[in-house]
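> okay, structure incoming, though there's no sequence with it:
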């Protein structure tokens with residue numbers, strides 16, 4: 001069952017109220033857009049039928065106009081032959097054709113009014129459809145943003161993140177110990193040899209590399 005009953009309900013619809021009352025705004029706006037698109041197709045199809053009916057009526061009126069001319073000629077011919085009875089009968093037929101043409105002309109006028117109303121409805125429906133699609137994009141953007149924030153918070157509060165930060169502390173402590181040993185070894189000791197200094201550089205470089213790798217993995221997981 002549709003959200004709206006007919007075209008006028010869609011035109012008068014307040015999307016904000018509908019979405020505020022909906023349990024699932026994204027689903028609701030999709031349903032609204034679908035029904036509006038279907039209604040727009042129906043209104044345009046109805047307008048197309050009205051235009052086709054008018055064309056057919058105008059063709060019929062043209063035929064009736066020619067028929068009236070024909071009956072006028074026949075009435076004139078009958079009078080020229082002193083057949084007033086036939087002339088009168090011809091004029092009666094001409095009047096019938098004229099009445100039918102007048103009736104069709106009146107019907108075309110009614111259809112013109114209906115067509116103008118359909119044109120206005122189509123314009124209003126199109127405007128509402130544009131508004132609904134804009135609201136749909138806004139809702140999609142908000143949902144995506146909310147989901148992204150949720151995922152970020154989930155990653156930040158996860159056990160893996162906390163474990164990684166704990167490992168940072170351990171590595172920092174190892175670096176402190178290495179630096180402490182290096183400084184302590186130099187207290188009251190003879191100057192370090194070239195080989196000892198290079199070995200210490202390699203040890204420190206290894207710890208730094210391990211720390212950088214851990215940070216890179218953490219950033220990738222986030």
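Cool, got the structure. What you are looking at is a predicted structure, and each value in this text was computed from that prediction instead of being measured.

> check which helices and strands the longest helix anywhere in the chain is in contact with.
With secondary structure taken from DSSP state H, the chain has its longest helix at helix 84-157. Helices and strands in packing contact with helix 84-157 are listed as helix 7-11, helix 15-21, helix 25-80; criterion 3 or more Cβ pairs under 8 Å, 6 or more residues apart in numbering; DSSP states H and E. (Glycine included, C-beta is placed from N, CA and C.)

> TSV for those, including mean neighbour count and mean pLDDT?
Written out in TSV, the entries for these read as follows (neighbours: other Cβ atoms under 10 Å; pLDDT from 0 to 100):
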stretch	mean neighbour count	mean pLDDT
helix 7-11	17	68
helix 15-21	13	70
helix 25-80	15	90
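
> wait, which of those is closest to residue 203?
Ranking the helices and strands packed on helix 84-157 by proximity to residue 203 (Cβ to Cβ) places helix 25-80 first, at 56.9 Å.

> which residues does the closest residue to residue 118 other than its chain neighbours contact?
Nearest in space to residue 118, with sequence neighbours left out and distances taken as Cβ to Cβ, 6 or more residues apart in numbering, is residue 47 at 4.2 Å. Taking Cβ atoms under 8 Å, 6 or more residues apart in numbering, we find residue 47 in contact with 115, 118, 119, 122.

> would you mind listing which of those residues are buried?
Among the contacts of residue 47, those that count as buried by neighbour count (16 or more other Cβ atoms under 10 Å) are 115, 118, 122.

> quick check: the second one touching residue 45?
This points to residue 118. No: at 10.1 Å, residue 118 does not count as touching residue 45 under the criterion of Cβ atoms under 8 Å.

> relative to residue 48, how far out is residue 210?
Taken as Cβ to Cβ, to the nearest Å, the spacing of residue 210 relative to residue 48 amounts to 74 Å.

> sorry, slip of the keys, the one I care about is residue 72.
Noted for residue 72: a distance of 37 Å to residue 48, by Cβ to Cβ.

> got the contact list for the residue nearest to residue 115 when sequence neighbours are not counted?
Nearest in space to residue 115, with sequence neighbours left out and distances taken as Cβ to Cβ, 6+ apart, is residue 50 at 5.1 Å. Taking Cβ under 8 Å, 6+ apart, we find residue 50 in contact with 111, 114, 115, 118.

> residue 98 and residue 68 touch, don't they?
Yes: look at residue 98 against residue 68 with Cβ under 8 Å: they come within range, at 5.6 Å.

> let me see the confidence value for residue 139.
The model reports residue 139 with a pLDDT of 72.

> an error on my part: the question was meant for residue 13.
You'll see residue 13 listed with a pLDDT of 69.

> do I have it right that residue 74 meets residue 90?
Yes: under the criterion of Cβ under 8 Å, residue 74 lies in contact with residue 90, with a separation of 4.3 Å.
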